[in-house]
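*Asks:* 3D, please:
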Amino acid sequence: MIPKGTVKRLMKENTDMNISAESVEKLVEILQEYIVTTTKLAEENARKDKRKTIKARDIECCDEERLRVLIDNYIDESVLTLFSKN
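*Replies:* Numbers count the residues shown, from 1 in each chain. Coordinates of the predicted model:
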């Protein structure tokens with residue numbers, strides 16, 4: 001588990017606004033999913049190279065797939081419509 005206190009502190013360091021407990025919980029959920037997805041994709045990359053160790057380059061190669069998973073799981077379709085109009 002990612003510590004909620006750490007997430008809240010990082011959020012507060014980047015805004016003057018108040019941070020709700022609900023927003024911290026949601027961000028922790030998203031970050032955990034991000035880590036799990038990244039790890040699985042990095043594992044696939046390492047296995048393709050016949051390695052038993054995940055390296056930084058395996059993680060770097062995951063960016064596009066991670067973004068797709070996050071969009072599928074967390075971004076409302078109406079938000080995507082707004083961005084596609086620009």
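
*Asks:* give me the three-state assignment for the residue of the chain positioned farthest from its centre.
*Replies:* Most distant residue from the mean C-alpha position of the chain: residue 50, 26.1 Å away (Cα atoms, centre = their mean). Assigned by DSSP: H, G, I helix; E, B strand; the rest coil, the conformation of residue 50 is coil.

*Asks:* residues in contact with the residue nearest the centre of the chain?
*Replies:* With distances taken as Cα atoms, centre = their mean, the residue of the chain nearest its centroid is residue 34 (3.1 Å). Residue 34 sits next to 66, 70 when contact means Cβ atoms under 8 Å, 6 or more residues apart in numbering. Using the backbone N, CA and C atoms, a C-beta is placed for each residue, glycine as well.

*Asks:* quick check: it vs residue 57, distance?
*Replies:* As judged by Cβ to Cβ, to the nearest Å, residue 34 and residue 57 stand 18 Å apart.

*Asks:* shaky segments in the protein?
*Replies:* 67, 74-86 (pLDDT under 70).

*Asks:* about what we covered before: phi, psi for the residue nearest to the centre of the chain please.
*Replies:* Backbone torsions of residue 34, given as degrees, to the nearest 10, read phi -60, psi -40.

*Asks:* now do the helices in this protein.
*Replies:* 4-12, 21-48, 56-60, 63-74, 77-85 (DSSP state H).

*Asks:* quick one: buried residues of the fourth one?
*Replies:* Taking 16 or more other Cβ atoms under 10 Å as the neighbour-count basis, helix 63-74 is seen to contain the buried residues 66, 69.

*Asks:* swap in stretch 50-64?
*Replies:* Across stretch 50-64, burial judged by 16+ other Cβ under 10 Å covers 54, 58, 59, 62.

*Asks:* what residues does the closest residue to the third one other than its chain neighbours make contact with?
*Replies:* Spatially, and ignoring its direct neighbours in sequence, residue 59 is nearest to residue 42 (4.8 Å; Cβ to Cβ, 6 or more residues apart in numbering). With contacts taken as Cβ under 8 Å, 6+ apart, residue 42 has the following neighbours: 54, 58, 59, 61, 62.

*Asks:* I figured the fourth one hits residue 45, correct?
*Replies:* Yes: checked against Cβ atoms under 8 Å, the pair residue 61 and residue 45 is within contact range at 5.3 Å.
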